[in-house]
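Asks: Quick check, what structure comes out for this input:
(chains A and B)
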Amino acid sequence: MKQASKSVKTGPNGRPVRPFVMPESFAGKLQVWRFLLLRRAVQLGVLLLFIGTVRWGWEAAGRPVLTGNLSSSELFGLIPMADPFAVLQIMLTGHWPLQEVLLGAAIILTLYALLGGRVWCAWVCPINMVTDLAAWLRRRLGISDLFRLSRNTRYTVLALALILSVLTGVAAFEWISPISMLHRELIFGIGLGWTAVLGVFLFDLFILRNGWCGHLCPLGAFYALVGKLALLRIRFDTPTCTHCGECAKVCPEPQVLNLKEAATAGMIASGECTNCGRCISICPEDTLHFDLRRFIETPQKPDTTQSNQRRAA
Amino acid sequence: MGRKTSISRRNFFASVCQGTALAATGGLVWSYLLTQQARATPFAIRPPGALADADFNARCIKCGQCVDACPYDTLKLATAGSGIPIGTPYFIPRETPCYMCEDIPCVPVCPTGALDHVLENIDDSRMGLAVIDIENCLSWQGLRCEICFRECPVQGTAITIEHHPRKISKHAMFVPLVHSDACTGCGICEKACPTQKAAIRVLQPELVQGQIGDHYRLGWTIDSPITQEFKAGGAAIDASAPATGMDYLNEGPP
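Replies: Alright, predicted model coming up:
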């Protein structure tokens, strides 16, 4: 009896902590993988639209479907879209780009500012498939980190990208970005870009967990800042959480799952959250959900002011 | 308490220095990569309307919309390790030249202005400059070729044919000459050249063009009283009459 009570841990809400169990049935597995599959569909779909348009001449109503690539593109020859970070770097070289690309950058910036900046990372960026594979293999093989590196390093890299754009007169990150190398060469023809992608893969697999996306990538850092106040957030229902920690195991940015902060805000508030949805489908207690910021109540607010007062006193 | 503060302050400064050093080292390596890349081979032939190298490299967002727009699949985006600034559009004239579309579809789709939208007439574009290797040009050896002249889309202005006398027979040589004021650098001549390796090639003008400099004065081109008789034509000059300069030197100032 004593042993049993020891083995059954309970969460702060008094409920027993249950580990995540992968369902036996295929339908159950699909349910768990739903966001993963959807993300892959979006990532590959976007790439396919680009490739189809340039290689096979895909058209809709006589207009090219999606020309260009993820740096700058045009939808149906009408709607311009551009990577706002790339455009920012170009502007820092002292060149004022044309209206079209400025409009395109504004469109994408608005989109991600509303959706959550790092929706780019988890749902569109092609390198995400590479780093996800590395992270999955790493979990399987139980490889530990070679060294520790602050996750804030990416903000230094971001600052460097902007400073070097000014100093060298070329868009600093665009010239070395493994992201651009990957999608550009998939769309327009293969060169040696895969070596940079392989580098990212090996770095993530053997050297540092989530090394590229979670520590170094300045584009991810840029979008983390853009998405700070985004509408689409992951809601956190405090009463059901048993602190089992399953979500943090699969999260590519586990520092955003600070459950204390989540309980206070009623959501995962950090801009570093990529809205990938892994935590939602793995949570055994159904505590996490996609929601819009404005509909999320902040139930703990009185509590925090109380504790603050207590701390102040 | 005081000692503890000083240690933590020391730690703080140490970590600030470490962070700065890391950022500075990384930044140095990074900027080295960038400058190497940006100065990569100057042989790349750019699409029509491309700005000068430094401005082009700064503006090009590497999106490939010019490549999409090219109906002849002439343009490519430089891959990593190709030796051409990464991700930028270029073409290899010997493989596929620019066929000089009248509506220049590649230029208006450029979202950043790396390809200058001011270009309206394709004949005004300067993608490069054709240069003839006269040691390997068939026409310059005395064969009748002139393929480059006949293929040239700005025939008669960019490439002209001159007659040169030949020592071994009374038949003249018909040699092609390129004129930089009209050559667009489309590369159709390079594609058409029948020699094993093209004897006419498109290069970046900066690689081959010299500059005379302002201090040389081509006197016969200047409109002045002295040059009037030259300009009127050699026949007008009376060779037996002493030149005015000679009079001055021999007789002293009047």
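Asks: tally of neighbours for the residue of chain A at minimum distance from chain B?
Replies: Chain A approaches chain B most closely through A:G191 (2.0 Å), counting by C-beta to the nearest C-beta. C-beta here means a position set from N, CA and C on the backbone, and glycine is covered the same way. Neighbours of A:G191 under the rule other C-beta atoms under 10 Å in any protein chain shown: 20.
Asks: so what's it up against?
Replies: A:E185, B:A78, B:T79, B:A80, B:G81, B:S82 (C-beta atoms under 8 Å, 6 or more residues apart in numbering or on different chains).
Asks: quick check: mean pLDDT across stretch A:25-43?
Replies: What stretch A:25-43 shows for mean pLDDT is 91.
Asks: what's the distance between the residue of chain A closest to chain B and B:M100?
Replies: 27 Å (C-beta to C-beta, to the nearest Å).
Asks: And the one residue in chain B that gets nearest to chain A, its phi and psi?
Replies: When scored by C-beta to the nearest C-beta, chain B has B:T79 as its residue closest to chain A, at 2.0 Å. Phi and psi for B:T79, reported as degrees, to the nearest 10, are phi -90, psi 170.
Asks: Pull the number of nearby residues for it.
Replies: B:T79, neighbours per other C-beta under 10 Å, totals 20.
Asks: Hmm, A:E185 and it touching each other?
Replies: Yes. With contact defined as C-beta atoms under 8 Å, B:T79 reaches A:E185; the gap is 5.6 Å.
Asks: Spell out the residue ranges of the strands in the stretch 151-254 of chain B.
Replies: For the stretch 151-254 of chain B, strands defined by DSSP state E, counting those that start in this stretch occupy the ranges B:159-164, B:173-178, B:200-203.
Asks: Give me the distance from the first one to the chain's centre.
Replies: Per C-alpha atoms, centre = their mean, to the nearest Å, the displacement of strand B:159-164 from the mean C-alpha position of its chain is 22 Å.
Asks: So which residues of the stretch 151-300 of chain A form helices?
Replies: A:153-168, A:178-188, A:193-202, A:211, A:218-226, A:246-250, A:259-265, A:278-282 (DSSP state H, counting those that start in this stretch).
Asks: Can you point out the buried residues in the first one?
Replies: Along helix A:153-168, the positions that meet the burial threshold by neighbour count (16 or more other C-beta atoms under 10 Å in any protein chain shown) are A:153-154, A:156-158, A:160-165, A:167-168.
Asks: For that helix, the averaged confidence score.
Replies: 93.
Asks: do the same with the second one
Replies: Here helix A:178-188 scores 92 as its mean pLDDT.
Asks: Can you name the residues that contact residue 199?
Replies: In the absence of a named chain, this looks at chain A. So A:G199 contacts A:P178 (C-beta under 8 Å, 6+ apart).
Asks: try again with chain B
Replies: Counting by C-beta under 8 Å, 6+ apart, B:A199 touches B:I132, B:D133, B:N136, B:C137, B:L138, B:C193.
Asks: Among these, name the ones in strands.
Replies: B:I132 (DSSP state E).
Asks: For the stretch 1-150 of chain B, which segments count as strands?
Replies: Under DSSP E, counting those that start in this stretch, the stretch 1-150 of chain B gives strands at B:76-77, B:89-90, B:129-132.
Asks: Need the winner for burial among those strands.
Replies: strand B:89-90 (a mean of 25; mean count of other C-beta atoms under 10 Å in any protein chain shown).
Asks: Contacts for that strand next, please.
Replies: With C-beta under 8 Å, 6+ apart, strand B:89-90 has contacts from B:44-47, B:60, B:64, B:66-67, B:75-78, B:84, B:106.
Asks: if we can go back for a sec, grab the nearest non-local neighbour of the residue of chain A closest to chain B.
Replies: B:T79 (2.0 Å; C-beta to C-beta, 6 or more residues apart in numbering or on different chains).
Asks: And the one you found, how far from A:F188?
Replies: Relative to A:F188, B:T79 is positioned 8 Å away (C-beta to C-beta).
Asks: what's the answer for B:I161, then?
Replies: 40 Å.
Asks: Comparing those two, which residue is more hemmed in?
Replies: A direct count of neighbours by other C-beta under 10 Å for B:I161 and A:F188 places A:F188 higher, at 25 against 17.
Asks: Please report how far the nearest residue to the more buried one once chain neighbours are set aside lies from B:I45.
Replies: Spatial nearest neighbour of A:F188, excluding adjacent residues (C-beta to C-beta, 6+ apart): B:L77 at 4.4 Å. Per C-beta to C-beta, B:L77 is found 14 Å from B:I45.
Asks: Show the contacting residues for A:L202.
Replies: Taking C-beta under 8 Å, 6+ apart, we find A:L202 in contact with A:A134.
Asks: Repeat that for A:R278.
Replies: A:F35, A:L36, A:C247, A:V250, A:C251, A:P252.
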